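Fold the following.
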Amino acid sequence: MIEPIPIASLNHYCYCPHRCWRMFCAGEFAENQYTIEGTSLHDRVHTLSSENRDEVLQVRAIWLKSDKYQLIGKSDLIELENGGIYPVEYKRGRKGEWDNDELQVCAQALCLEEMTGKNIEEGYVYYAHSHSRQLVKIDNSLRAQTLETIAAVQQLFATGIVPLAVYSKRCKGCSLYAQCLPQAVDKVGRYSESS
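Model (predicted):
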């Protein structure tokens, strides 16, 4: 039987496969300003609770699971309104250039669909820095990308093969930069090619 993979690992893999391997296969983690801010935010939202806000029931910190996709994770916020269910993922910063946050919302929606039997067509990412919500359309394209990422992470966990460290502007705020040293890997690769 395949062990369920953490929903958060999909976000990390989509952002950087090497980072995902370091965190979930090698068990490495290092704090920096961004991880501390993110942990603080999630400590606040991961307190199990439910409340009504106008016509919306908000439930925080429930466990999500999918046997079909072998996923598990804790939700930040699930909203129920007019018969619809919407996952809301909290992030510390502001909207970035990449779609890894949307992919995480889609994975939560897949779990909720299996758990409730309801079709979920949208969710949200709440960015704490800008105090804004971004709508995430759970369309066929995002679902396909999410399923591809689930398969890739399952393969990574099954084989443990280390993905290459690739330097990009994504590395700038990574807490694992000092362990990874992607620029050094890049330089060694170029040096080897020229020899």
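
So which elements touch the helix or strand harbouring Arg19?
With secondary structure defined by DSSP states H and E, Arg19 is part of helix 17-20. Packing partners of helix 17-20 (3 or more C-beta pairs under 8 Å, 6 or more residues apart in numbering; DSSP states H and E): helix 7-15, helix 140-159. Using the backbone N, CA and C atoms, a C-beta is placed for each residue, glycine as well.

and if we set it to 10 Å?
Helices and strands touching helix 17-20, by 3 or more C-beta pairs under 10 Å, 6 or more residues apart in numbering; DSSP states H and E, are helix 7-15, helix 140-159, helix 177-180, helix 182-194.

Could you check the angle the second one makes with helix 7-15?
Direction vectors for helix 140-159 and helix 7-15, defined by axes from the mean of the first three to the mean of the last three C-alpha atoms, to 10 degrees, enclose an angle of 100 degrees.

Run through the neighbouring helices and strands of helix 140-159.
strand 5-6, helix 7-15, helix 17-20, strand 71-74, helix 100-116.

List the contacts of the third one.
So that's helix 17-20. 8-14, 28, 149, 152-153, 156-157, 162-166, 170-171, 174-177, 179-180, 182, 185 (C-beta atoms under 10 Å, 6 or more residues apart in numbering).

mind showing which ranges of the chain have poor pLDDT?
1, 29-50, 94, 96-98, 177, 181-195 (pLDDT under 70).

Looks like Gln155 contacts Ile161 (just checking).
Yes: if you go by C-beta atoms under 10 Å, Gln155 and Ile161 touch, sitting 8.3 Å apart.
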